[in-house]
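Student: Give me a model of this one.
(2 chains)
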There are 2 protein chains.
Amino acid sequence: MINITATVDRLREILDGESNVQLKEELNGFHSADLADIFQELKPEERLECFNLIEEDKAADMIEYLPPNLQVEILGDIDNELASRIIQKLPHDAAADVLGDMEDDDTEAYLESLPQKFSEEVRELMNYDEDTAGGMMTPLFMMVTPEMTAKEVLDYIRDRADEDNIDLYYVYVTDKQEHLLGVVSLKALLRSSLKTKTEDLMNSDIVKLHIDDYRDAVLDVFMKYQFDSLPVVDQYNHLRGVVTWDDIQDAAEEETTEEIYASSAIATGSIDEDEILEGSIFTSIRARTPWLFVTLIGELIAVNVANCYGKTLQALPVIAIFMPLLAGLAGNIGTQSITIIVRGLSTGQVTLGSALKHMLRESAIGFLIGAIFGGLVMLFTWGWQNSIELGIIVGLAMAINMSLATLIGTLTPFAMEKMNIDPAVASGPVIATAIDVLGLAVYFSLASVYLIKIVN
Amino acid sequence: MINITATVDRLREILDGESNVQLKEELNGFHSADLADIFQELKPEERLECFNLIEEDKAADMIEYLPPNLQVEILGDIDNELASRIIQKLPHDAAADVLGDMEDDDTEAYLESLPQKFSEEVRELMNYDEDTAGGMMTPLFMMVTPEMTAKEVLDYIRDRADEDNIDLYYVYVTDKQEHLLGVVSLKALLRSSLKTKTEDLMNSDIVKLHIDDYRDAVLDVFMKYQFDSLPVVDQYNHLRGVVTWDDIQDAAEEETTEEIYASSAIATGSIDEDEILEGSIFTSIRARTPWLFVTLIGELIAVNVANCYGKTLQALPVIAIFMPLLAGLAGNIGTQSITIIVRGLSTGQVTLGSALKHMLRESAIGFLIGAIFGGLVMLFTWGWQNSIELGIIVGLAMAINMSLATLIGTLTPFAMEKMNIDPAVASGPVIATAIDVLGLAVYFSLASVYLIKIVN
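Tutor: Numbering: from 1, shown residues only, chains lettered A, B, ... in the order given. Coordinates of the predicted model:
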């Protein structure tokens, strides 16, 4: 892959030199995906200057690789007729997404400037939520009837090969009313004798998407069956479009971001990930405060637990200074456990059936690591505070808290899965709070019962 | 998608009834991906019984969808000749992976039982690390010379369409020494006149993988350019194989797991994710302790900071009980910030160029959320402890700590990116430790300077 920063620097030099011929040649030499990366680093006026030098096919191709805000910016800055021509070159689903992201007036103006058929098809896609199969599909696909022969279908494929953005590798078989009956691959057609009827070649046991299926369901089907493309039907089994694997790449990236955000106590339920990263500050605050409130309530309980042992603290203030050590390490190992189990449940490598095995395994790990760290902390405390009793109490509390933390971190996602709550919302930071409460209770109980006796 | 649990229950009933005819019919009716899900829920003896009833093509297809340990278990349990026939039906890369996961003796025995050509090709793949382009590619592809006409290439494609697992949609153009010159798509061939020479149809400006490229680099290229498949060349530009998009789906899932593990302070550098989840307990401990040690050292510093204020604690033990509250919330919001920035750097939505913007944005968010939570905590403390001074100190410390936490959480990944260290290793839990140290210093300083005056 090319070095984007170095390339941008070189292009800027040419831009300054004002040799449009050289710039044009350079720009058109890049792959569209590289051009998109370069454009993201340019300033708006540089973008405009460069964009007008790129061939229209390549420009349309590049637009597809750009993030939504830049798509809208560039199409808004360039000549309207050029913009209209470029939108026509986009796949239908990409055109619908770009037009949907523009101001309403602009959307209408562009739709009216487009050829009627294209404009109608795009309008239909715009009716579907961007995050459903309907919003992800393209209405461009090949449709044949079951009586056609392999030769007829191959001729039909050749006829349509000229269309941009059409997937030639699967032909969908429907009845006269466009009900989906099956799918036949170009490979099967090439393998067969030319006289074979399509109905004898087609696979009628097909996996299909429903037009209202949500993005994560679409993604699950693609990931599970590893198809290149899937047909989309409405409630009457009418074939309405096709989703191809490249359409789901962006969806996959967004789902991963949601999973990672959820693991850090950022609520993504009704808020778009892009909004959290770059939208209004108040949207970000709305996504970040819910779990912080839960943490607040949890920690206020922890404060109350500590307060119950006010007398112990008064008698022996030194025990207070070990609180962050205990909470930090137990929270950390508990976060590891919950992350491993939640991710395993998400990929399917961990199931409720294997819950007991994982609970035993994590507990053993927690116990062993707890013993190691408990021992280290005991030695440190003993040496530093010159009190073997304090060392034993702090070390023992550490070992117990770390073991407890792995158990809670493992148990919680399984319990949520059992209750049909998405375990991904059980994030490390929230578990760490629960561990704080329990851990303080363990530590102060140990300290109150054993240490105070010694002091008195 | 089917309900796996219900299906497994139904199959078990048929298994008990011992009606093999019905069971056979049921099993062969499933999609191979569903069968693989079902098999994961069955007991080993049930698996063996069911496997022998599945048609060989479907069985081979299902094996591909199974996790490595089950692939090896099933192939080891069934009849050797059947196993050998099934391995031959796998794509070369899958066969190499399965054979590589077996005991060395078994691998040799199977390799010798396979047809010589297949066995040699698989042996070659086994020489490459499973996590490189060489280990992910298949040596099965179509190769033509630039002088051939579109008609000749189309006839050649039709000739090879009978081969299992071959990708017919891209034909690779090489010279006589098999140096890669370009690629021509079936689509371009279908669009062109039959007499056109391949050299006039081929795209010679191609993106290719090197045989030693690591999995994450392969994944980056696929994600960036969104290709269906990519050619793999050696250092002499000899075409050696092809990686297709379904080969990278598993790689993508593993990369995501690595990213999520890293965000929870689990070290994945030299340790396989599957090992952490299901391997030996000691491997897991090795992956989990490095960052716990870093946390330990950090928290020991925090303990020392708290110890410096021993006199303050002695004079006013109540201030100790607010430590977990301050640490918990600041750690939580700091984790959110670092997660958002690290993920943004990983997807490319955040760059060093936009670092200042994000730092200002996160600081504003931290300041506002800090003000809200600081206010709440102040009111709570004032009401509960009946001391407005204590309320102000705790609330102010909360506001400062939460603001500081977002700043550290945002600054750290940018600083690491600048120093060319992978920011993914800067996980939330480790940042939380740094925030503990700073936060305690802020809190105790405030308390020492202002509160102690009042008490005395």
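Student: shaky segments in chain A?
Tutor: For chain A, the stretches with pLDDT under 70 are A:426, A:451-456.
Student: quick check: domain ranges of it?
Tutor: Listed domain ranges for chain A are A:4-131, A:142-245, A:275-455 (source: automatic domain parsing).
Student: Tell me which of those domains sits most buried.
Tutor: Of all the domains of chain A, domain A:275-455 has the most neighbours on average by mean count of other C-beta atoms under 10 Å in any protein chain shown, namely a mean of 21. (C-beta placed from N, C-alpha, C; glycine too.)
Student: For that one, what is the distance to the chain centroid?
Tutor: 28 Å (C-alpha atoms, centre = their mean, to the nearest Å).
Student: Next: stretch A:67-75.
Tutor: 21 Å.
Student: export the domains of chain A to CSV and tack on distance to B:G375?
Tutor: Formatted as CSV, these follow (distance: least, C-beta to C-beta, whole Å):
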stretch, distance to B:G375
domain A:4-131, 35
domain A:142-245, 37
domain A:275-455, 12
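Student: Rebuild these as TSV, extending it with distance to chain B.
Tutor: Formatted as TSV, the domains of chain A follow (distance: least, C-beta to the nearest C-beta, whole Å):
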stretch	distance to chain B
domain A:4-131	5
domain A:142-245	4
domain A:275-455	3
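Student: Would you mind giving both backbone torsions of the most centrally placed residue in chain A?
Tutor: Nearest to the geometric centre of chain A sits A:E255, at 2.1 Å (C-alpha atoms, centre = their mean). Note on A:E255: its backbone torsions stand at phi -60, psi -40 [degrees, to the nearest 10].
Student: re the thing from before, quick one: closest of the domains of chain A to B:K58.
Tutor: Among the domains of chain A, domain A:142-245 comes nearest to B:K58, with 11.6 Å by C-beta to C-beta.
Student: Span of that closest one from start to end?
Tutor: In domain A:142-245, first residue to last residue: 17 Å (C-alpha to C-alpha, to the nearest Å).
Student: Just give me how far that domain sits from the chain centre.
Tutor: 28 Å.
Student: re the thing from before, my guess is the residue nearest to the centre of chain A meets A:D216, correct?
Tutor: Yes - in this structure, A:E255 is within contact of A:D216 by C-beta atoms under 8 Å, at 5.9 Å.
Student: overlap in contacts of those two?
Tutor: Common neighbours of A:E255 and A:D216, counting by C-beta atoms under 8 Å, 6 or more residues apart in numbering or on different chains, are absent.
Student: now the strands: where do they sit in chain A?
Tutor: Taking DSSP state E, the strands of chain A run over residues A:142-144, A:170-174, A:180-185, A:209-210, A:229-233, A:239-244.
Student: who's in contact with the second one?
Tutor: The reference is to strand A:170-174. A:141-146, A:153, A:156-157, A:180-186, A:189, A:198-199, A:202, A:228-229, A:231, A:239, A:242.
Student: ok, 6 Å please
Tutor: Contacting residues not belonging to strand A:170-174 are listed as A:141-144, A:146, A:153, A:180-185, A:198, A:202, A:229, A:231, A:239 [C-beta atoms under 6 Å, 6 or more residues apart in numbering or on different chains].
Student: What of the fourth one?
Tutor: Strand A:209-210 is contacted by residues A:133, A:218, A:230, A:232 when judged by C-beta under 6 Å, 6+ apart.
Student: Over to stretch A:391-399?
Tutor: A:322, A:326, A:370-371, A:373-374, A:377-378, A:381-382, A:442-443, A:446-447, A:451.
Student: Do I have it right that A:D131 meets A:R215?
Tutor: Yes - between A:D131 and A:R215 a contact is recorded at 4.4 Å, counting by C-beta atoms under 6 Å.
Student: residues touching A:M323, list them.
Tutor: Contacts of A:M323 by C-beta under 6 Å, 6+ apart are B:M323.
Student: Return the distance of it relative to B:A399.
Tutor: 21 Å (C-beta to C-beta, to the nearest Å).
Student: now A:L75
Tutor: 44 Å.
Student: returning to that earlier point: and the two most separated of the contacts of stretch A:391-399?
Tutor: Maximum distance among the contacts of stretch A:391-399 (C-beta to C-beta): 21.3 Å, for A:A371 and A:L451.
Student: Now for A:N3, how many residues are close by?
Tutor: Number of residues near A:N3 (other C-beta atoms under 10 Å in any protein chain shown) recorded here: 9.
Student: And it, its phi and psi?
Tutor: According to degrees, to the nearest 10, A:N3 has phi -90, psi 110.
Student: Any figure for the gap between it and A:E41?
Tutor: Taken as C-beta to C-beta, the span from A:N3 to A:E41 is 11 Å.
Student: from what I can see A:K187 touches B:Y169, true?
Tutor: No - assessed by C-beta under 6 Å, A:K187 is found out of contact with B:Y169, at 8.7 Å.
Student: I'd like the list of the contacts of stretch A:391-399 that fall within helices, please.
Tutor: A:326, A:370-371, A:373-374, A:377-378, A:381-382, A:442-443, A:446 (DSSP state H).
Student: now, which of those residues sits nearest A:D9?
Tutor: A:F373 (49.3 Å).
Student: The nearest residue to A:N237 once chain neighbours are set aside pairs with what?
Tutor: Excluding its sequence neighbours, the residue lying closest to A:N237 (C-beta to C-beta, 6 or more residues apart in numbering or on different chains) is A:H179, at 4.9 Å. Using DSSP bridges, the bridge partners assigned to A:H179 are A:H238.
Student: can you check the one 4 residues further on too?
Tutor: Going by DSSP bridges, A:V183 is paired in beta bridges with A:Y172, A:N203.
Student: So it sits against A:I206, correct?
Tutor: Yes - in this structure, A:V183 is within contact of A:I206 by C-beta under 6 Å, at 5.4 Å.
Student: Fine, thanks again, bye for now.
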